[in-house]
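Chemist: Would you be able to build a 3D model of this:
(2 chains)
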There are 2 protein chains.
Amino acid sequence: MKAEIIGVGSELLLGQIVNTNAQFISARLAEVGIDVLYHSVVGDNSDRLERAIEIAQSRADVIIFTGGLGPTKDDMTKQTVARMLGQSLRYDERAMNKIKSHFERQQREMPPNNTQQALVLEHSTALWNERGMAPGMAITEDGITYILLPGPPHEMKTMFDKEALPYLLGLESDHDVIISRVLNFYGIGESDLETRIESILDEQTNPTIAPLASPDAVTIRMTAKAKTEAEAYRLIEPVEAQIRARVGDYIFGVDEETLASRAIELLRANGLTISAAESLTAGLFTSELATVEGTSDVLKGSFVTYSLDQKVDVLGLDRAAIEREGVVSSSCAQSMAVAVRKKTGSDVGVGLTGAAGPDSHDGAPAGTVWIGIATLQRVKTYRLQLSGLRNANRRRAANFALYYVIRQLKEEN
Amino acid sequence: MKAEIIGVGSELLLGQIVNTNAQFISARLAEVGIDVLYHSVVGDNSDRLERAIEIAQSRADVIIFTGGLGPTKDDMTKQTVARMLGQSLRYDERAMNKIKSHFERQQREMPPNNTQQALVLEHSTALWNERGMAPGMAITEDGITYILLPGPPHEMKTMFDKEALPYLLGLESDHDVIISRVLNFYGIGESDLETRIESILDEQTNPTIAPLASPDAVTIRMTAKAKTEAEAYRLIEPVEAQIRARVGDYIFGVDEETLASRAIELLRANGLTISAAESLTAGLFTSELATVEGTSDVLKGSFVTYSLDQKVDVLGLDRAAIEREGVVSSSCAQSMAVAVRKKTGSDVGVGLTGAAGPDSHDGAPAGTVWIGIATLQRVKTYRLQLSGLRNANRRRAANFALYYVIRQLKEEN
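Modeler: You can find the predicted model right below:
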C-alpha cells in the first residue's frame, strides 16, 4: 500500500502550528509496513483541496486527511471528499448523542452549527472520537481508501490507533510485521560512517539500513519486514553484527539510549559515582547526566570553575602550574579531574577546559578542548579541535566527555 | 507571489523527524505577505521529487526546498533541480574553502564525497551557510524562483533570514521595506498575553502583531511595511508603547536577547558578579549564563550540589535544618543562595532546589521548585509549581531563575 497524508488547515500554511500529525501517522504506518510516499498540506480552500486530492488519487491508494472536520465555515474536508465521490452526508447517531449530551452537561445551548460535526460520508464507516466531538470516517472507493481524521493531535492520535489503523490493517489480507532497531553512534561523522559501511548499505534490502545525523549523534535504523517478530529480529541480527564488526567502537547504545543514560547505566552497573569540574561547559556536562531519572545514587555533585581564581580556590589547583602550562591544556584538564574526584570522594572525576569561542582563550584557538577523566586505575586526557560556534562547541565538548567516560568505563570494567 | 515549500527527506516520511522547517518558512513568508498555498514532503527519491517539482511548477511561482543538500548518496535535491532546468553543477569556491578548512582544523582526512556539498547550480546565486557546510542556492528561471536550503533547522533558519529572504524581497520590483521588532516575554502564558492585548491585536494591520510561544519564551513579533526603515520604525513605536503599558512587566528583552544575555548585561552594567548552587537543574542555570560570549568577568563559578551530603560538605549548610525543613523548601533555597554568594565572593548568589520529577522528592510533589536569590540588599525566594516532564521542568526552573534575577536586579539597581 502506498499512502499520502494530507493536512488541511490554513494555520499550517501560516506557520502558526507545526504538522506533528503527519509525523505521528508516518511513524505508525512505517511500523506496519505501509509506505508513505508524500505529505501534503493545503489551506481551508475547497478548490485547492480538491486539486490536492486529485493528485493524491493519482499516486496513492490510501489517502489520510487530518483537519477540517470541525463546526466552522472553514472546515470543509468531508464536504469536499463527499462531492468528489458523489456521496451525500448523513448524521452519525452516536456522535450526535455525544455532542448533545456535552452541551446538556454544560447546561449551555448548542449553537446550531455544532450538529454539522456529526455528519459523515453516506457510505463510510464512522470512526469514534473518544476525545472530541467530530467523528472520523473511513471509506474505500475504486481501490482507494480515504481516512478522514480530526486536526487536534490528541483527538487524532487516539482515533488513529483505535479506529483508523485497525480499519487499514483489516484491508491488508496478509500483512507483515515491521521491526526497527536503532544503533546510536558518537565520535564519527555521518559521511565517514556511510563510507565505512557502504558495501553493507548497498547489499541490504531487508532489513533496510538508514543512517541519520542529528546534532547530538549519528544513528543507523535497521528496519526488517517479516511474518513474525522473531523472524524480523533474525533478519536484523547478522546485519547488526556486520556493522558492529566494522564500526562498533563508535556505537554507544541502541534505540532510546542516550550518551547520558548509557554513562549512568555503566556507572551504576559498576557501583561507581561521578563528579565533574567544568570550565567551558559551565555545568552542561553535569546537567546532561541529570537528564536521566533517578541519578542521585551515581551523581554526587560538580564544580563550575569558570575563572582561574575558582580553579585555584575551589579545586586547589596549583596557580603557578596552570600559568606555566595554560588553562587550556592537558595538564589543567588532568588536574581538574583528579582534584574533583578527590574533593567529592567520587570514583570518577571529569575535568573539562577549553576555548568555546568565538575568541581564543589563554593562547588556545577557539574550539580547542581538553577533557580529563580520572578513575581509580588511571587518568587519561583527550583533546578535541572543534570548529562550530560557541554553544555548539560547548555542547559537543559535553557529549564527547560522556562518550569518553563510556569508553573508558568499558575498557576498565 | 505564491509559494510552495517542498521538504525532501525519507526521515520525514518515516516520521523520524517533524517538518518544523515548513512552519518556520511559512511564518516568515506570512510576515512579508507572500502566500504559501501548499507544503509537500517527498522522500530521497529522484523520480518522485521530479514529479513533485512538476506539480509545484504548475501552481507556485516560488518553490522553496529544504533538505537533500548533504554529502551522501541519498542527497539529491540539487541534482534533480539541475536536470530539470538543464543546468550543470559548479563548485562554489567559498563553500569549498570552508569544507577544506573544517577538515584541516580538525586534522582529519576529508572523505571524498564531502566536496559534493560545495556543488551549486551553474547559474544560481550561492547562499552562504553560516552554520554548516552545504551552501544553498537561489535561481529564477521562466518566472519561477527556486530556493534550495539545507535540512538541519539551525542551518536553514540562518540561511533563510540572511540570504534567502533578501533574495526573495529583491525580486519584488517595487518592494517596501519590512522591519520586524520582537518583544520577548517570560512568566506569562501565550493565551493570557493574547487576552490582555486583544484590543491592540484586533486593531492593528501595519505593523502586524504575531504572538508566538516556544518552550523557552513567548514572543510578540511586530512587523511593519513602509517605504523606508525610519518610517517602519515610526509605525512600530506607538504600538510597542501600548503593549508595554499593559504587559511590560513580563518583557525581559527584545529581538535576539535571551534571558541569559539580558541577565549578563544587567550584571555587567552594575559591576556585579554571580554564582549559583544548583540541585535539580544540576548545572543548567550556570550553563545558560555561559551561552553568552565573554561572561568570565561576571560569572565566577557554581556548585552542583546534587546530594544532601554535597549541600552540607561543599556549601556548609546545616544538616539538621535541612532535615527539618526539607530539601525542597524556601529555607533550603535561601541557604543555598546565601552560602554560594559567600563561598565564591560573588555579589549575587542563586540557589535552585526542587523535585524535577517524575517522582516526588523529599515530600515535595514533582514540579515543585524553590529559587533563592541573595544580593547585597536582601534574600528573596520564589516558588514554582510546574507540570511538565522532568527535563522540561529542569529547563523552566533554570529559565525562571534567570527571569527572577533580571527582575530583582531591575528593582534594586
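Chemist: use CA for all of it now, contacts and neighbours both
Modeler: Fine.
Chemist: low pLDDT regions in chain A?
Modeler: Scanning chain A for pLDDT under 70 picks out A:171-176, A:215.
Chemist: Let's see that with 50 instead.
Modeler: Counting by pLDDT under 50, chain A contains low-confidence ranges at A:173.
Chemist: Output the longest helix belonging to it.
Modeler: Longest helix in chain A by number of residues (criterion: DSSP state H): helix A:390-412.
Chemist: what's it in contact with?
Modeler: A:186-187, A:216, A:252, A:259-260, A:262-263, A:266-267, A:280-281, A:284-285, A:288, A:350, A:352, A:356-358, A:367, A:369, A:371, A:373, A:377, A:384, A:386-387, B:291, B:293 (CA atoms under 8 Å, 6 or more residues apart in numbering or on different chains).
Chemist: out of the residues you listed, which are inside helices?
Modeler: The members of the contacts of helix A:390-412 that map onto helices under DSSP H are A:Leu259, A:Ala260, A:Arg262, A:Ala263, A:Leu266, A:Leu267, A:Leu284, A:Phe285, A:Glu288.
Chemist: Tabulate those residues (JSON lines), appending distance to chain B.
Modeler: Below are the ones in helices among the contacts of helix A:390-412 laid out as JSON lines (distance: CA to the nearest CA, whole Å):
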{"residue": "A:Leu259", "distance to chain B": "15"}
{"residue": "A:Ala260", "distance to chain B": "13"}
{"residue": "A:Arg262", "distance to chain B": "17"}
{"residue": "A:Ala263", "distance to chain B": "16"}
{"residue": "A:Leu266", "distance to chain B": "19"}
{"residue": "A:Leu267", "distance to chain B": "16"}
{"residue": "A:Leu284", "distance to chain B": "5"}
{"residue": "A:Phe285", "distance to chain B": "8"}
{"residue": "A:Glu288", "distance to chain B": "8"}
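Chemist: Now for A:Gly357, how many residues are close by?
Modeler: 24 (other CA atoms under 10 Å in any protein chain shown).
Chemist: Contacts only, for it.
Modeler: By CA under 8 Å, 6+ apart, A:Gly357 lies in contact with A:Pro365, A:Ala366, A:Gly367, A:Leu389, A:Arg390, A:Asn393, B:Glu293.
Chemist: How about A:Met84?
Modeler: A:Glu50.
Chemist: then the helix or strand that contains it to PDB, C-alphas only?
Modeler: A:Met84 is part of helix A:77-85, with elements assigned from DSSP states H and E. Extracted as PDB, the C-alpha positions of helix A:77-85 are listed here (Å, rounded to 0.1, in the frame of the first residue of the first chain):
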ATOM      1  CA  THR A  77     -12.800  18.300   4.300                       C
ATOM      2  CA  LYS A  78     -15.700  15.900   4.400                       C
ATOM      3  CA  GLN A  79     -17.800  18.200   2.200                       C
ATOM      4  CA  THR A  80     -15.100  18.200  -0.500                       C
ATOM      5  CA  VAL A  81     -14.500  14.500  -0.400                       C
ATOM      6  CA  ALA A  82     -18.200  13.800  -0.500                       C
ATOM      7  CA  ARG A  83     -18.600  16.000  -3.600                       C
ATOM      8  CA  MET A  84     -15.700  14.200  -5.300                       C
ATOM      9  CA  LEU A  85     -17.000  10.700  -4.500                       C
END
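Chemist: packing partners for the helix or strand just after it?
Modeler: The C-terminal neighbour of helix A:77-85 among helices and strands, as given by DSSP H and E, is strand A:89-91. Other elements packing on strand A:89-91 under the criterion 3 or more CA pairs under 8 Å, 6 or more residues apart in numbering or on different chains; DSSP states H and E are strand A:119-121.
Chemist: Show residues contacting the strand it packs on.
Modeler: Contacts of strand A:119-121 (CA under 8 Å, 6+ apart): A:Lys78, A:Ala82, A:Gln87, A:Ser88, A:Leu89, A:Arg90, A:Tyr91, A:Asp92, A:Ala126, A:Pro135, A:Gly136, A:Met137.
Chemist: For the spatially most central residue of chain A, what are phi and psi?
Modeler: For chain A, the residue sitting closest to the mean C-alpha position, by CA atoms, centre = their mean, is A:Glu256 at 8.8 Å. Main-chain dihedrals, A:Glu256, degrees, to the nearest 10: phi -80, psi 0.
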